[in-house]
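[1] Here is my input; please provide its structure:
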Amino acid sequence: MRKIIESTFVSLDGVIESPSQWTAGYWDPELKGHALAQLEQYDTFLLGRVTYDQFAASWPTIQGDPYFDRINRMPKLVATRTLSDTTWNARPITGDIVEELR
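    Below you'll find the model as predicted:
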């Protein structure tokens, strides 16, 4: 059986909102290398519809960065009840999410 590995950027005081704002200055080569090494272990990116909408609006245009290039190449699954068409190497999961992931 496959594993679902959850990864979230969280500040020490528990902030997860808008990581692009509070990670500025911390996203150095060492941290980026660590994040890329972790990402290389995964074969699929699982997203909810809202996160997918936000990421798909901007991430596909980022090119030339190993971390974002890896994410852009990965197949993506989107848990949704409303979305039927996807881009960015993604497909919707519209039925039973647990069964689909098995």
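
[2] make it CA atoms for all contacts and neighbour counts henceforth
    Will do.

[3] Which secondary structure element is home to the spatially closest residue to residue 60 that is not a sequence neighbour?
    Take residue 60 and drop its neighbours on the chain: the residue closest to it by C-alpha to C-alpha, 6 or more residues apart in numbering is residue 72, 6.0 Å away. Under the criterion of DSSP states H and E, residue 72 resides in helix 66-73.

[4] same for that helix, what does it pack against?
    For helix 66-73, the packing partners by 3 or more C-alpha pairs under 8 Å, 6 or more residues apart in numbering; DSSP states H and E come out as helix 29-39.

[5] so the helix it packs on versus helix 66-73, what angle?
    30 degrees (axes from the mean of the first three to the mean of the last three C-alpha atoms, to 10 degrees).

[6] any residues touching stretch 43-61, and which ones?
    68, 71-72, 74-80, 83, 87-88 (C-alpha atoms under 8 Å, 6 or more residues apart in numbering).

[7] how about the helix holding residue 72: buried residues?
    67-68, 71-72 (16 or more other C-alpha atoms under 10 Å).

[8] Can you tell me how far residue 50 is from residue 71?
    17 Å (C-alpha to C-alpha, to the nearest Å).

[9] isn't there a strand covering residue 51?
    No: judged by DSSP: H, G, I helix; E, B strand; the rest coil, residue 51 forms no part of a strand; its state is helix.

[10] I'd like to know how many residues surround it.
    Close neighbours of residue 51, defined as other C-alpha atoms under 10 Å, add up to 13.

[11] Reformat the contacts of stretch 43-61 as JSON lines; add distance to residue 14.
    Compiled in JSON lines, these are given as follows (distance: C-alpha to C-alpha, whole Å):
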{"residue": "68", "distance to residue 14": "25"}
{"residue": "71", "distance to residue 14": "25"}
{"residue": "72", "distance to residue 14": "28"}
{"residue": "74", "distance to residue 14": "28"}
{"residue": "75", "distance to residue 14": "30"}
{"residue": "76", "distance to residue 14": "27"}
{"residue": "77", "distance to residue 14": "27"}
{"residue": "78", "distance to residue 14": "26"}
{"residue": "79", "distance to residue 14": "25"}
{"residue": "80", "distance to residue 14": "27"}
{"residue": "83", "distance to residue 14": "31"}
{"residue": "87", "distance to residue 14": "32"}
{"residue": "88", "distance to residue 14": "30"}
